[in-house]
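1. quick one, what's the 3D model for this:
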Amino acid sequence: MHDEDTLLRSTRGIAYLAIAPCVFLSAAVWFTSDSIGIVIANLFQVYFSILLLLLFGYIWSLKSNFGEQYKSQLEIMAIMPILLALSGIILNIFTNPAWGIGFLMMGFYLSRFVRFYFSVFKIISKTYIDLLNRISIILCICLMLIFTYWLNPYSNPLETYI
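-> I've put the predicted structure just below:
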């Protein structure tokens, strides 16, 4: 087996294991009581913010592997997840969780369309780009599930914050 195949397989395994709690937590809010669902939804946002902070560290560490022309772009790419995480946390604390999750969802989705990503993506293997796209789609679906939970008119979990 080639080294690249082993690296791709281990990277894929780590990525899927890292997002597995997000999938579990976003599904669990719908199958629990309201009081436990609120705790699980908040736990999801904490875990998602931790994932974004780890993503910041990973992208920041990639700077040494790329040439000088990509270092400034990687710095900007690394700062975006930390700004998303901090903004989501601040909105969650000072307004309500729906605003925090909504901002995370829109920011995470729209950050995929930033123009300078495409120049860095040209030097990364297509299999890694496909993995990144799959992970991004799964996480956007999880964010939509949690956002829908907070706006659910039947259980109305936002009542606890008003």
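2. lowest-scoring secondary structure element of the protein by mean pLDDT?
-> Scoring the helices and strands of the chain by mean pLDDT, DSSP states H and E places helix 117-121 at the bottom, with a mean of 62.
3. tell me who's in contact with L52.
-> If you count contacts by C-beta atoms under 8 Å, 6 or more residues apart in numbering, L52 has them with P81, I82, L84, A85. For the C-beta atoms, the positions are set from N, CA and C on the backbone; glycine is no exception.
4. hmm, I typed the wrong one, I wanted L74.
-> I59, W60, L62, K63, F66, V120.
5. doesn't M105 make contact with M144?
-> Yes: contact criterion C-beta atoms under 8 Å: M144 and M105 qualify, at 6.4 Å.
6. which of the two has more neighbours?
-> A count of neighbours by other C-beta atoms under 10 Å puts M105 above the other of M144 and M105, at 20 against 15.
7. and the more buried one, how far from A98?
-> Per C-beta to C-beta, to the nearest Å, M105 is found 10 Å from A98.
8. overlap in contacts, the two.
-> Joint contacts of M105 and A98 (C-beta under 8 Å, 6+ apart) are F147.
9. about what we covered before: quick one: which of the contacts of L52 sit in helices?
-> Of the contacts of L52, the ones assigned to helices by DSSP state H are P81, I82, L84, A85.
10. what about the helices in this structure?
-> Assigned helices in the chain, in chain order: 3-28, 34-61, 68-94, 97-110, 117-121, 126-150 (criterion: DSSP H).
11. most neighbours per residue, which of these?
-> helix 97-110 (a mean of 20; mean count of other C-beta atoms under 10 Å).
12. nearest spatial neighbour of L51, skipping sequence neighbours?
-> A18 (6.4 Å; C-beta to C-beta, 6 or more residues apart in numbering).
13. what does I101 give?
-> Of all residues beyond its chain neighbours, the one nearest I101 is F147 (4.8 Å), with distances taken as C-beta to C-beta, 6+ apart.
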